[in-house]
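>>> Build me a model from this:
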Amino acid sequence: WFPGYTLDADVLVENMRPPVKSRLGFDWDTVHDLNPRLVMGSISGFGQDGPYAERGGVDQITQGMSGLMSVTGEPGRGPFRAGIPISDLSAGLYLAIGVLAALHDRERTGQGRWVRTSLLESMLSMMDFQAARWTVDGEVPPQEGNHHPTLIPMGCFASSDGHVNVAGPSGRLWRGFCEAIGRPDLPEDDRFATGPARSSHRGELNGIIADVLRTRTTAEWVEVFAAAGVPAGPVYTMDQVFADPQIEHLAMTAGLDHPTLGHQDVLRHPVTMTGPDGVGTTVRLHTPDPGEHTDEVLAEAGFTTDEIAALHAGGIV
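Numbering: from 1, shown residues only. Model prediction:
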């Protein structure tokens, strides 16, 4: 930090390898001394300490190390990565939750906190019941393809023109599901009468369901299941996603103009808030180019126009 300038931000977020911030002079002890109210958020690959702390980490590495890839894909054909950077996304979300909690705590204590997570920790947390199958029951979860690992029937089946996801694993849903596919006899079959029995005979049951669902289109089945109160939905490609009437109604995209790329439609934040002033806007600015706001940030920190120009001239910013 430059002598004579103060750090008066509310939150500082960084995602460098743990030793780097100390080398650059903005480790937690340093910034906390400069501004005790500051909340600092850190995301690393594997944690701030430990045997892997100094390693660089990326999403796919932690998809593998967390066990996600071992339970993704069809039996005997894996491992497979998820189609999105799930550990990157989950780490950002978990950190944001932690930062918000720390800001709330600061209002009570007057002191900031160092909030930290890692790609590995966040991905392990996302493993949820699959992790619990090992930690609680000592079971190593296998791959189950497009069917739920423990709830039957809940999965993806071929229709006459595509695929349909259905969920009728128990109770009213199971009975309604069987009525909807024209097999009201299935709940009375000892092989399928209970959840454990259906799990033990999952291959037989999924085969029976697959044969029935192939006889009609995805759209027809979705309507049939909706009328029966059974959750169901199509499997879309991305162009079909944004043509869906419910997704259009939700207005998940917002248009904005980028200074060099022109008009773009971008995804909005999935949370909306309504208050006395109406529904808040969730997309305000385009994604900034590298360094686009450097001068504004430096001016906010107290640097003069001449000082900022000198920093540019010296190749510092």
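
>>> Show me where the stretch 51-200 of the chain has its helices.
With DSSP state H, counting those that start in this stretch as the criterion, the stretch 51-200 of the chain has helices at 59-65, 86-109, 119-126, 128-135, 171-180, 195-200.

>>> okay if I get those as JSON lines plus mean neighbour count and mean pLDDT?
(C-beta placed from N, C-alpha, C; glycine too.) Below are those laid out as JSON lines (neighbours: other C-beta atoms under 10 Å; pLDDT from 0 to 100):
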{"stretch": "helix 59-65", "mean neighbour count": "19", "mean pLDDT": "97"}
{"stretch": "helix 86-109", "mean neighbour count": "16", "mean pLDDT": "97"}
{"stretch": "helix 119-126", "mean neighbour count": "21", "mean pLDDT": "98"}
{"stretch": "helix 128-135", "mean neighbour count": "13", "mean pLDDT": "96"}
{"stretch": "helix 171-180", "mean neighbour count": "18", "mean pLDDT": "97"}
{"stretch": "helix 195-200", "mean neighbour count": "15", "mean pLDDT": "94"}
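
>>> out of the ones you listed, nearest to Q246?
Between Q246 and these, the shortest gap by C-beta to C-beta is with helix 171-180, which sits at 20.7 Å.

>>> what helices or strands is that closest one leaning on?
In this structure, helix 171-180 packs against helix 218-227, with contacts taken as 3 or more C-beta pairs under 8 Å, 6 or more residues apart in numbering; DSSP states H and E.

>>> State the three-state secondary structure for F46.
Three-state assignment for F46 (DSSP: H, G, I helix; E, B strand; the rest coil): coil.

>>> Tell me the spacing between it and V99.
Distance, F46 to V99, by C-beta to C-beta, to the nearest Å: 20 Å.

>>> One more: N165?
Distance from N165 to V99, by C-beta to C-beta: 35 Å.

>>> cool, E296 as well?
Distance of E296 to V99, computed by C-beta to C-beta: 22 Å.

>>> Pull the contacting residues for L151.
Contacts here follow C-beta atoms under 8 Å, 6 or more residues apart in numbering; on that basis L151 touches A167, P169, S170, G195.

>>> State the distance from the third one to N146.
Noted for S170: a distance of 19 Å to N146, by C-beta to C-beta.

>>> ok, now the last one?
Here the distance between G195 and N146 works out to 19 Å (C-beta to C-beta).

>>> ok, now L89?
Distance, L89 to N146, using C-beta to C-beta: 21 Å.

>>> what does P234 give?
For P234 relative to N146 (C-beta to C-beta), the value is 13 Å.

>>> Settle it for me: which of the two has more neighbours?
P234 (18 against 13; other C-beta atoms under 10 Å).

>>> check contacts around the more buried one.
With C-beta under 8 Å, 6+ apart, P234 has these contacts: G162, H163, V164, N165, T218, A219, V222, Q240.

>>> Could you rerun that using 7 Å?
G162, V164, T218, V222 (C-beta atoms under 7 Å, 6 or more residues apart in numbering).

>>> Phi and psi next, for it.
Per-residue torsions, P234: phi -80, psi 170 (degrees, to the nearest 10).

>>> who does it bridge with?
Counting by DSSP bridges, P234 forms beta bridges with V164.

>>> how much space between it and R172?
P234 is 23 Å from R172, by C-beta to C-beta.

>>> same question, G203
Relative to R172, and taking C-beta to C-beta, G203 is found at 25 Å.

>>> Likewise for E121?
38 Å.

>>> quick one, strands of this structure?
All strands of the chain, identified by DSSP state E, fall at 11-14, 39-44, 114-118, 154-158, 163-167, 232-234, 253-258, 262-267, 274-275, 278-279.
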